[in-house]
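Participant: Next come a sequence and a model predicted from it.
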Amino acid sequence: MNQTIRIDQRVRENAEHLARALENHMLNSFAPDAHKELRLFTAGEAAELLGISTSFLRKLHFEDRAPEVHTSAGGRRHYSAADLQNIRKSLETGSKTPGTYMPGRREGDKVQVLSFLNFKGGSGKTTSAIHAAQRLALKGYRVLAVDIDPQASLTTLFGYRPEYDFLESGTIYDALRYESPVSMREVIQQTYFEGLDLAPGGLMLQEFEHETPQALMHQVQPPFFARMAAALREVEADYDVVVIDCPPQLGYLTMSALCASTGVLITVVPNMLDIASMSQFLQMTSSLLEVVAEAGASMEFDFLRFLINRYEPHDGPQQQMVAFLRQLFAEEVMVATMLKSTAISDAGLTHQTIYEVERAQFHRNTYDRALESLNLVNDEIESLLQKAWGR
């Protein structure tokens, strides 16, 4: 006789089993009380991030215009992100052209709010968002990463365990909720990454989706589509760029992020199923945006771009799909593509990014190929930001 099972009990058992396994994985990857730390950068990496030559960087040290940095036994200099920022400030002070080394906002510039989104999971939203946030921070921008996905993958990549650290409070939900919201400043966490802060995500964000219909019935102000923008206004003076990782669904959270955004990046994997899904996503998004626009939401973006993700250049069908998208959307498809790479996925196994891992951990060509792809994508995003500021 077959035994029946209680599905609620089995799901709970599986959830608890998985949670314990994930905790063990984290403990094996990091010491129990340790916090993530950003690695040091070589002189070549430091020069590239500062936008100068390695010979000029050596000259700065020779002339005592750069701070003392960590030096290996062999005499090689290694730079922390804080070192880079100190050098950047020093160079900017002596520069005749404002913004040469400090590329962020100037007087009159508005904060740039970038939303990474797609209707479909697995399109590389979180990977794209965190690498963009980190690259911009490394290049001297003041960046706030905002995780509005209840799954909180972005938050996890910053070394947190959302199911423990932010189980009942401490997420961006606290600043968005309708009843007694807290100040945005109360939820922002400083990270181990110089110039990059985090507004964490977590399961509590799902409550925003559940509470919004009731809030609409009672006309709670501000309405759902204006709450993200209102929260960000509290802290916009502290940042040049805000990067929002949206959930893989077109709900109230995503709409609130869209209505706060100045730029939108839609990640798409170049295969027929993903593009068909994106077609449905765009149709639904346009209909919903029309509704919230009629309700008073601002719908003016500085740019919208499609970011080709998980791209395999030698895959014939993918090449055809990319060509199809470029023919259809022209310049709205980013020139740079994010390649599918084992280096990126392997780094994620230890909750790290390409900008965090050591090159020596990977096959050199694999790492360099992934790094070049990410840099091209993120530097194109940076050029969009600069263009939006009129530069």
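Facilitator: Nice, thanks for sending it over.

Participant: Now do the nearest residue to residue 192 once chain neighbours are set aside against residue 376, distance only.
Facilitator: Leaving aside its chain neighbours, residue 192 sits nearest to residue 36 (4.8 Å; criterion: C-beta to C-beta, 6 or more residues apart in numbering). C-beta coordinates here come from the backbone N, C-alpha and C atoms, glycine included. Per C-beta to C-beta, to the nearest Å, residue 36 is found 26 Å from residue 376.

Participant: same question, residue 140
Facilitator: Using C-beta to C-beta, residue 140 is found at 19 Å from residue 376.

Participant: I figured residue 230 hits residue 222, correct?
Facilitator: Yes. Using C-beta atoms under 8 Å, residue 230 is in contact with residue 222, at 5.3 Å.

Participant: Which one of residue 140 and residue 376 is surrounded by more residues?
Facilitator: Counted by other C-beta atoms under 10 Å, residue 140 and residue 376 do not tie: residue 140 has more neighbours, with 23 against 16.

Participant: where does the residue nearest to that one when sequence neighbours are not counted fall, helix, sheet strand or coil?
Facilitator: Once flanking residues are discounted, residue 140 sits nearest to residue 88: 5.1 Å by C-beta to C-beta, 6+ apart. When classified by DSSP: H, G, I helix; E, B strand; the rest coil, residue 88 comes out as helix.

Participant: And for residue 88, the neighbour number?
Facilitator: Number of residues near residue 88 (other C-beta under 10 Å) recorded here: 21.

Participant: Hmm, residue 141 and it touching each other?
Facilitator: No. Counting by C-beta under 8 Å, residue 88 stays clear of residue 141, with 10.7 Å between them.

Participant: Quickly find the element holding the spatially most central residue of the chain.
Facilitator: For the chain, the residue nearest the mean C-alpha position is residue 129 (2.5 Å; C-alpha atoms, centre = their mean). In this assignment (DSSP states H and E), residue 129 forms part of helix 125-138.

Participant: Poorly predicted segments of the stretch 51-200 of the chain, please.
Facilitator: Confidence mapping of the stretch 51-200 of the chain against pLDDT under 70 gives the ranges 121.

Participant: Helices of that one, start to end?
Facilitator: 54-62, 81-93, 125-138, 153-157, 162-165, 173-176, 184-187 (DSSP state H, counting those that start in this stretch).

Participant: okay, the ones you listed in CSV with distance to residue 104 next?
Facilitator: Output for those, formatted as CSV (distance: least, C-beta to C-beta, whole Å):
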stretch, distance to residue 104
helix 54-62, 21
helix 81-93, 10
helix 125-138, 9
helix 153-157, 22
helix 162-165, 29
helix 173-176, 23
helix 184-187, 19
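
Participant: To residue 322, which of these lies closest?
Facilitator: Nearest of the helices of the stretch 51-200 of the chain to residue 322, taken as C-beta to C-beta: helix 125-138 at 16.2 Å.

Participant: Output the closest one in CSV, but only the C-alpha positions, please.
Facilitator: Listed next in CSV are the C-alpha coordinates belonging to helix 125-138 (Å, rounded to 0.1, in the frame of the first residue of the first chain):
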residue,chain,number,x,y,z
LYS,A,125,20.1,40.1,-13.8
THR,A,126,21.8,39.8,-10.5
THR,A,127,25.2,38.9,-12.1
SER,A,128,24.9,42.0,-14.3
ALA,A,129,23.8,44.3,-11.5
ILE,A,130,26.5,43.4,-9.0
HIS,A,131,29.3,43.5,-11.5
ALA,A,132,28.1,46.9,-12.8
ALA,A,133,27.8,48.2,-9.2
GLN,A,134,31.3,47.0,-8.3
ARG,A,135,33.0,48.2,-11.5
LEU,A,136,31.5,51.7,-11.0
ALA,A,137,32.6,51.8,-7.4
LEU,A,138,36.1,50.7,-8.3
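
Participant: Next, the angle from that helix to helix 81-93.
Facilitator: Interaxial angle, helix 125-138 versus helix 81-93 (axes from the mean of the first three to the mean of the last three C-alpha atoms, to 10 degrees): 50 degrees.

Participant: Could you tell me how far helix 125-138 lies from the centre of the chain?
Facilitator: With C-alpha atoms, centre = their mean, to the nearest Å as the basis, helix 125-138 stands 4 Å off its chain's centre.

Participant: just stretch 145-155 next, same as before
Facilitator: That offset, for stretch 145-155, works out to 9 Å (C-alpha atoms, centre = their mean).

Participant: Over to stretch 170-180?
Facilitator: 20 Å.

Participant: What residues of that stretch count as buried?
Facilitator: Across stretch 170-180, burial judged by 16 or more other C-beta atoms under 10 Å covers 170, 171, 172, 173, 174, 175, 176, 177, 178.

Participant: okay but the second one is in contact with residue 202, surely?
Facilitator: I take that to be residue 171. Yes. The criterion here is C-beta under 8 Å, and residue 171 meets it with residue 202 at 4.2 Å.

Participant: Need the residues touching each of the two.
Facilitator: Listed contacts common to residue 171 and residue 202 are 152, 155, 162; contacts here mean C-beta atoms under 8 Å, 6 or more residues apart in numbering.

Participant: Counting neighbours, what do you get for the last one?
Facilitator: Burial of residue 162 is recorded as 25 neighbouring residues (other C-beta under 10 Å).

Participant: Also the second one?
Facilitator: Using other C-beta under 10 Å, the number of residues around residue 155 comes to 27.

Participant: hang on, it packs against residue 200?
Facilitator: Yes. Residue 155 lies in contact with residue 200 (C-beta under 8 Å); the separation is 4.4 Å.

Participant: joint contacts of these two?
Facilitator: Common neighbours of residue 155 and residue 200 (C-beta under 8 Å, 6+ apart) are 147, 162, 166, 171.

Participant: And the residue nearest to the centre of the chain, how far from residue 75?
Facilitator: In this structure, residue 129 and residue 75 are 38 Å apart, going by C-beta to C-beta.

Participant: in the stretch 151-300 of the chain, which spans are strands?
Facilitator: Along the stretch 151-300 of the chain, counting by DSSP state E, counting those that start in this stretch, strands occupy 189-190, 196-199, 241-245, 263-268.

Participant: This completes my enquiry, with thanks.
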